[in-house]
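Peer 1: Got a predicted structure plus its sequence, pasted below:
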Amino acid sequence: MRKLFFIIPLLFAAACAPQATPTPTATAEAEAAAFEVTITGAWARPAMLMEATEEASDMAGHDMSGMMEATEEAGDMAGHDMSGMMEATEEASDMAGHDMSGMMEATEEAGAMHSMMSGAVSAAYMQISNNSASDVRLISAATTVAALTQIHETTIENDIARMSELADGLVIPAGETVELRPGGIHVMMMNLQSSLIEGETVTVTLTFDTGDIVEVEAAIQMDAPAGN
């Protein structure tokens, strides 16, 4: 009986003793710090969206040369002959399945994107740096100013510039920086819901395979920021 009375206080004392807080494991710490992505130099092309007014509809029957300065993303606008109206671009793809060769002269210095009809497009560019020890993948992009936003890449096949969606996303290798630039990979914003005015900004939301979401403020301007 004496042994029983001796053991009970010991058990009570052990139950009331403060519990030690578990020390995070190296794996947990690594996972918490796994996402180390920085985004710099974000910018987007201006784009003008005109309301369907009587004046706008009249423009369909007028020569629009001199009213549009082509851009790297501009395409075949609704199947109209754009020859002589556009200075080509490395982003200018065959937006409607038409052969654009001979209609475009590739240049990285193309000017602002202006569309005189609904369905206007623009593109955003930036540098994405992965400072972590593991690869990360950009799986999607979105913005409230466009009905559809995709990650695109421009390629040249048989002297024809073509744009295609990177359906599997864009891998940012560990310790490296991937540049989204005119004539290469870019965020394509299609069927704009509002104009992109030079001097303002547009918010682009990027989602990565880690589950992390980053909102980027892209400056709306005709040319890449100095130093890009």
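Peer 2: On my side now, so go ahead.
Peer 1: average pLDDT for the top strand by length along the chain?
Peer 2: Counting by DSSP state E, the longest strand found in the chain is strand 146-157. The average pLDDT for strand 146-157 rounds to 95.
Peer 1: helices or strands up against it?
Peer 2: Judged by 3 or more Cβ pairs under 8 Å, 6 or more residues apart in numbering; DSSP states H and E, the packing partners of strand 146-157 are strand 136-142, strand 160-165, strand 185-192. Just so you know, the C-beta spots here come from the backbone N, C-alpha and C atoms, and that holds for glycine as well.
Peer 1: neighbours of Thr205, just the number please.
Peer 2: Per other Cβ atoms under 10 Å, the neighbour tally for Thr205 reads 14.
Peer 1: In three-state terms, label it for me.
Peer 2: Applying DSSP: H, G, I helix; E, B strand; the rest coil to Thr205 yields a three-state assignment of strand.
Peer 1: quick one: contacts for Val216?
Peer 2: Ile39, Ala42, Ala124, Met126, Thr203, Val204, Thr205, Leu206 (Cβ atoms under 8 Å, 6 or more residues apart in numbering).
Peer 1: again, only using 7 Å
Peer 2: Ile39, Ala42, Met126, Val204, Leu206 (Cβ atoms under 7 Å, 6 or more residues apart in numbering).
Peer 1: Redo these as TSV? Include neighbour count, distance to Gly184 and pLDDT.
Peer 2: What follows is the contacts of Val216, written out as TSV (neighbours: other Cβ atoms under 10 Å; distance: Cβ to Cβ, whole Å; pLDDT from 0 to 100):
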residue	neighbour count	distance to Gly184	pLDDT
Ile39	19	16	97
Ala42	23	15	98
Met126	22	12	98
Val204	24	17	98
Leu206	23	17	98
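Peer 1: so can I have a markdown table of those showing distance to Pro173?
Peer 2: Shown next, in a markdown table, are the contacts of Val216 (distance: Cβ to Cβ, whole Å):
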| residue | distance to Pro173 |
| --- | --- |
| Ile39 | 16 |
| Ala42 | 20 |
| Met126 | 16 |
| Val204 | 22 |
| Leu206 | 17 |
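Peer 1: Out of the residues you listed, which comes closest to Thr144?
Peer 2: Val204 (9.8 Å; Cβ to Cβ).
Peer 1: got the contact list for that closest one?
Peer 2: So Val204 contacts Ala124, Ala141, Thr143, Val187, Val216, Ala218 (Cβ under 7 Å, 6+ apart).
Peer 1: Surely the fifth one is within a strand?
Peer 2: Yes - Val216 sits within a strand when classified using three-state DSSP.
Peer 1: Check what pLDDT it gets.
Peer 2: 97.
Peer 1: likewise the first one?
Peer 2: Confidence at Ala124, expressed as pLDDT, is 98.
Peer 1: Next, the contact list for it, please.
Peer 2: With Cβ under 7 Å, 6+ apart, Ala124 has these contacts: Ala42, Ala44, His186, Val187, Met189, Val204, Ala218.
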